[in-house]
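In: How does the following fold in three dimensions:
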Amino acid sequence: ASVDETVKLWDLSGETPVEKGTLKGHSSRVICIARNNDGSLLASSSKDMTVRLWDPRSMEEKATLTGHSDEVYCVAFSPDGSILA
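Out: Modelled structure (predicted):
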């Protein structure tokens, strides 16, 4: 989560963390991040009233979920990954 409206992805497999990339798309600060069980999808929530879905491997935005009338503070996947709340 960040004030700079981005999500940074890091590789922690070595001794020193290495930045893998930056997910850009939100127009206000990012508040929460969640991933599905197999790691194939990330969700980010923001003060811009959206939730964005990302493919962490390709670094591509898959969808923007709209409909909230205020900031989205938290996001979570169901255990089987079929529902995002």
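In: can you give me the strands in the protein?
Out: 6-11, 18-24, 30-35, 42-46, 51-55, 60-65 (DSSP state E).
In: Mind listing what's buried along the last one?
Out: So that's strand 60-65. Glu61 (16 or more other Cβ atoms under 10 Å). Where C-beta positions appear, they are placed from N, C-alpha and C, glycine not excepted.
In: per-residue confidence averaged over stretch 44-53?
Out: For stretch 44-53, mean pLDDT rounds to 98.
In: ah, wrong one, I meant stretch 66-76
Out: Averaged across stretch 66-76, pLDDT comes to 97.
In: what distance separates the start and the end of stretch 25-43?
Out: Start-to-end span of stretch 25-43 (Cα to Cα, to the nearest Å) is 12 Å.
In: I would like the residues contacting that stretch, please.
Out: 1-7, 23, 44-48, 50-57, 61-62, 64, 71-77, 79-81, 84 (Cβ atoms under 8 Å, 6 or more residues apart in numbering).
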